[in-house]
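In: Here is my input; please provide its structure:
(2 chains)
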Number of protein chains: 2
Amino acid sequence: KKDSAPQALSTFFLRLDVAFVIISCHVSRATMNEFELIELLTKEATSTSRDLSLGVGDDCAIIRCGERDLLITTDTLIEGIHFKLSFFDPHTLGQRMLNANISDIAAMGGTPRFFTVCVGLPSGFGIRRCRELYDGLYTAAKLFDMELIGGDTSASNQLMVTIAVVGECKPDTAIRRSGARPDDPLFLTGRVGEAALGLASLEQNLATPQTASFIERYRLPQPRVAVGQALLQCGLVTSMIDISDGLLADVGHLASLSNTGYEILAAVIPRHKDFELVASRLGFDPWQALLAGGDDYELAFTVDHHRLDAFEEFLARRASEPGLSITRIGTMVGNKECQRALRGDGSVVFVSSQGYDHLGDWRE
Amino acid sequence: KKDSAPQALSTFFLRLDVAFVIISCHVSRATMNEFELIELLTKEATSTSRDLSLGVGDDCAIIRCGERDLLITTDTLIEGIHFKLSFFDPHTLGQRMLNANISDIAAMGGTPRFFTVCVGLPSGFGIRRCRELYDGLYTAAKLFDMELIGGDTSASNQLMVTIAVVGECKPDTAIRRSGARPDDPLFLTGRVGEAALGLASLEQNLATPQTASFIERYRLPQPRVAVGQALLQCGLVTSMIDISDGLLADVGHLASLSNTGYEILAAVIPRHKDFELVASRLGFDPWQALLAGGDDYELAFTVDHHRLDAFEEFLARRASEPGLSITRIGTMVGNKECQRALRGDGSVVFVSSQGYDHLGDWRE
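Out: Modelled structure (predicted):
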């Protein structure tokens, strides 16, 4: 149903881009992708209020509230579009849904605080599974000291869950997508591509010792709240985004909003030791998984290139503690047309799709 | 599909109760209604944060933010459950959806400020109608100086829209559902029951000069923001709720959360001059429409009975300006079991259903 995504990626549980990413759009065509439609629908959106620091177009909106800024993000997840029920027990599904929303707060360096949940329940989903889903939401919330503050329930044809998360940070400190400048180095937390292989393993029913951790990464991603907060506090990060749609797609959003291009050294992107093995077993192009697979919810961010020494000191201090690795994977460039990933030999990696389109075959 | 609602009320476009209304619940049964399920799902919800003034259980949650309180409310509206597409043009539908959410801010006396919109779009809904829907949202937003701050789009089987609204008021001034005390008089803004007759007119395809204004009230309800703000400012109102599910159902929520009962003098509830005529043409019990019809989005509120003189002065000052009527329709009573509406002769009006249940035939 997705125009150009390979079959292994065509059904999934994936966070939609919370914020409206504005890209160029041609209304005259009979079809549009998700981002074109969002651009069309939000072109009338203003952000003229004095207390609205940031409206549509980023991971979260930012509302000024005296001693702090509030971050607001919302996403809908629909059975059959974003996830297959058969790949999850309801408890894990609930945890996953909240984690995916929390990731948008992490992507600005904020602290998640409150959430709302609106659910549409198909007949037959049942009270027991519904309770387990909510138990999963509460489990995820407790890990981050979050509280449920509202929502509703309704009948529907498909299971669907809309979550909104309210987070916070100190005034004017949230890290936006739009702050990258040419020559800023590009970094990545942890590893990407494993969730895509995990999903493919579920779809191909391939359960091996090697695929177990990949499946776990797909089923229950961990939002990078602590590292996001540390990156905010260090004061050296110029832009940040979470990788939900795919590395190239999301770094592309960041680059577009920053009016820059990017060059990624694909060969240096860290990989699980079994990455190539599992990709090969699944008949999956490893570059595709690495660069276009989403769902890992790692953070990509840029650092002020004038202050790279200070950032390397930050990394060195951090290296003494156990935690998530941070890897430099590329550089932002002045040429906006340049959006590419290079192999070790300097050749450009071509991927057939940079990310997901949740409108699928939706047409005018 | 609704257990006991008459057919004329069984399909509709109706705001779900935003906040989680906590009522008694029996898990052992194989079926639950919407409110029982919500109670079950939210019993683990805490509200221990110092800056969370109010969590689940009211029209909005309240977050303390220095110089102001932020009010947050969210609702999902699903085609076939909450509304029939054939009863609306997309522009009116969009306006209606935002108005219904704004009403929850009005019900606390707040000022709406920002909103998010997540839409699920069935293939075939089309870009043109989608734009018209958003144009309707923007039209409603402009009337209240509101700004769109986020959301997403996705494919889905049914059209569904989840809106969250952020409003504000001065600290610790929001009017809650839970503040009514025994002997507090109960008031109502404007008139109720007309939207239910408007919906029935649409369902029975009855277009007459008499039904036009009722249909308009159903199609495009006006949230009572200005009167809600005035009621907050007068400082005499002890509790408030908006009438979306039906007068008895919503006053019942207010009474339950205030640990009181209520006695409504049904005969004094203001009625449109054509109310009985249209009800009769539709084969609709006028008491049923008046007391159990929802969708009017008027406000019901109670006033501190020790300060009724001051409130009457407020009403007298207000009467010199054109605007919405305010009518005393009853009194809160100490006996929690007492939830009744009386005819002029003192007999109790019986209605077959007090409101809506959006779970319908959803079962364990």
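In: C-alpha only now, for contacts and for neighbours.
Out: Noted.
In: From the contact counts, what lies against the host helix or strand of A:Val227?
Out: Using DSSP states H and E, A:Val227 falls within helix A:225-234. Other elements packing on helix A:225-234 under the criterion 3 or more Cα pairs under 8 Å, 6 or more residues apart in numbering or on different chains; DSSP states H and E are helix A:90-106.
In: Can you name the next helix or strand after the helix it packs on?
Out: Past helix A:90-106, further along toward the C-terminus, the next helix or strand under DSSP H and E is strand A:111-121.
In: And the contacts of that following strand?
Out: Contact with strand A:111-121 is made by A:102, A:105-106, A:144-169, A:225, A:229, B:74-76, B:162, B:362, as judged by Cα atoms under 8 Å, 6 or more residues apart in numbering or on different chains.
In: strands paired with it, and their directions?
Out: With DSSP bridges as the test, strand A:111-121 is paired with strand A:147-155 (parallel), strand A:160-169 (antiparallel).
In: And the residue of the stretch 201-350 of chain A that's closest to chain B?
Out: A:Asp245 (13.5 Å; Cα to the nearest Cα).
In: picking up where we left off before, CA atoms only for the helix holding A:Val227, dumped as CSV, please.
Out: Output of helix A:225-234 as CSV, limited to C-alpha atoms (Å, rounded to 0.1, in the frame of the first residue of the first chain):
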residue,chain,number,x,y,z
VAL,A,225,14.9,11.1,27.4
ALA,A,226,18.0,11.2,29.6
VAL,A,227,20.4,11.7,26.7
GLY,A,228,18.1,14.3,25.2
GLN,A,229,18.1,16.2,28.5
ALA,A,230,21.9,16.0,28.7
LEU,A,231,22.2,17.3,25.2
LEU,A,232,20.0,20.3,26.0
GLN,A,233,22.0,21.0,29.2
CYS,A,234,25.3,21.0,27.5
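In: Do the helix or strand just after that helix and chain B come into contact?
Out: Sequence-wise, the next helix or strand downstream of helix A:225-234 (DSSP H and E) is strand A:237-243. No: on the criterion Cα under 8 Å from any Cα of the partner chain, strand A:237-243 is out of touch with chain B, staying 15.7 Å away.
In: what helices or strands is whatever helix or strand comes next after strand A:237-243 leaning on?
Out: Sequence order places helix A:247-257 as the next helix or strand after strand A:237-243, per DSSP H and E. Helices and strands touching helix A:247-257, by 3+ Cα pairs under 8 Å, 6+ apart, are strand A:237-243, strand A:261-265, helix A:286-292.
In: Packing partners of the strand or helix carrying A:Glu216?
Out: Per DSSP H and E: A:Glu216 is located in helix A:209-219. Applying 3+ Cα pairs under 8 Å, 6+ apart, one finds that helix A:209-219 makes contact with helix A:90-106, helix A:194-203.
In: Now A:Arg191: closest residue in space that isn't a chain neighbour?
Out: Distances taken as Cα to Cα, 6 or more residues apart in numbering or on different chains place A:Pro270 nearest to A:Arg191, at 5.7 Å, with adjacent residues excluded.
In: Before we move on, what's the pLDDT of the one you found?
Out: Here the pLDDT value assigned to A:Pro270 is 95.
In: try A:Asp17
Out: pLDDT for A:Asp17: 31.
In: and what of A:Met108?
Out: You'll see A:Met108 listed with a pLDDT of 96.
In: Can you pull the phi/psi pair for it?
Out: Per-residue torsions, A:Met108: phi -110, psi 0 (degrees, to the nearest 10).
In: count of neighbours near it?
Out: Using other Cα atoms under 10 Å in any protein chain shown, A:Met108 has 32 other residues around it.
In: right, and it touches A:Gly228 too?
Out: Yes: counting by Cα atoms under 8 Å, A:Gly228 is a contact partner of A:Met108 at 6.9 Å.
In: Chain A - how does it break down into domains?
Out: A:7-169, A:177-342 (automatic domain parsing).
In: quick one, which of the helices and strands packed on helix A:247-257 is packed in tightest?
Out: strand A:237-243 (a mean of 29; mean count of other Cα atoms under 10 Å in any protein chain shown).
In: Each with direction, which strands does that one pair with?
Out: strand A:298-303 (antiparallel).
In: Alpha carbons only: can I get the helix or strand following the partner strand in CSV?
Out: Proceeding N to C from strand A:298-303, the next assigned helix or strand is helix A:308-319, under DSSP H and E. What follows is helix A:308-319, C-alpha atoms only, in CSV (Å, rounded to 0.1, in the frame of the first residue of the first chain):
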residue,chain,number,x,y,z
LEU,A,308,33.2,21.1,18.7
ASP,A,309,36.1,21.0,21.2
ALA,A,310,33.7,21.7,24.0
PHE,A,311,31.3,19.0,22.7
GLU,A,312,34.2,16.5,22.6
GLU,A,313,34.9,17.2,26.2
PHE,A,314,31.2,16.6,27.0
LEU,A,315,31.5,13.3,25.2
ALA,A,316,34.6,12.4,27.0
ARG,A,317,33.1,13.1,30.4
ARG,A,318,30.0,11.1,29.4
ALA,A,319,32.1,8.1,28.2
